[in-house]
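Trainee: Here is my input; please provide its structure:
(one chain, ligands or ions: 1)
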Amino acid sequence: MPRPKTPGEWPVLPGEKLAVVEEFYPGPWTIEEGGDIYSTVTGLASIDQGRRMVLVKPLTRTPIVVEAGDVVIGKVTGVQDKMAIVSIIEAKGRRLSNPFTGALNIAESSTRYERSMMDVCRIGDFVKAKVINAKNRLPILSTIGREFGVIKAFCSKCGRELIPKSGSLHCPNCGNREIRKISSDYGTLRRGAH
Ligand SMILES: [Zn+2]
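Mentor: Model (predicted):
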């Protein structure tokens, strides 16, 4: 419902009627149609009494800036001998519309001595990690700690999702066994996250 006399802001959806042109001029992010003024975006509507205008301020999500200590979820997109490249898809509990890249070094992957990054994670795996350094353009990740590591992985032979079994991962389809740095959160990745 239009509330043209409201001094403050009120939330509106695209297509929501804000006022009529007899009362106000259509301002930013509004459109006039048949004498009525509608919002074109999701945002906060308000009245500029001085200009006799109704306008909407779009509600845009603030971009996420990762900091050391943040917990992130990402997909492994590259694995070298001593390093993995992770496309971060979730940070600060929020899905990212524009994923960014982080790096996981083998020394920060586990408290065990890992000979190869292939024993930590593989391409296509999903990992839960902590940001330990965000000073550079490539944030540095760690999977040290029980809750960190691979949270979803797929069989290298047949592509089926692997199931944790006695400290390693097991393929229910072909019986393949694979090694990863497994998170205590394995299997908790939300649906639709990839
Ligand atoms: Zn398999």
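
Trainee: ok now the lengthiest strand in the chain, how far from the chain's centre?
Mentor: If you go by DSSP state E, the chain has its longest strand at strand 94-105. Its chain's C-alpha centre and that of strand 94-105 lie 8 Å apart, by CA atoms, centre = their mean, to the nearest Å.

Trainee: which other residues reach that strand?
Mentor: Residues outside strand 94-105 that contact it (CB atoms under 8 Å, 6 or more residues apart in numbering): 61, 64, 66, 72, 74-75, 77, 82-90, 117, 120-121, 127, 129, 131, 138-143, 193. (C-beta placed from N, C-alpha, C; glycine too.)

Trainee: got it, and stretch 155-172?
Mentor: Residues contacting stretch 155-172 (CB under 8 Å, 6+ apart): 122, 150, 152-154, 173-174, 176-180, 182, 186-187.

Trainee: Pull up the residues of the chain that are close to the ion.
Mentor: Selection of the chain residues close to the ion by CB under 5 Å from the ion yields 155, 157-158, 160, 171, 173-174, 176.

Trainee: Quick check: ChimeraX command selecting the buried ones in the residues you listed.
Mentor: Buried residues within the residues of the chain next to the ion, by 16 or more other CB atoms under 10 Å, are selected in ChimeraX with:
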select :155,171
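
Trainee: Would you mind putting the residues of the chain next to the ion into TSV with secondary structure and pLDDT alongside?
Mentor: What follows is these, written out as TSV (DSSP: H, G, I helix; E, B strand; the rest coil; pLDDT from 0 to 100):
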residue	secondary structure	pLDDT
Cys155	coil	96
Lys157	coil	95
Cys158	coil	97
Arg160	coil	96
Cys171	coil	97
Asn173	coil	97
Cys174	coil	98
Asn176	coil	97
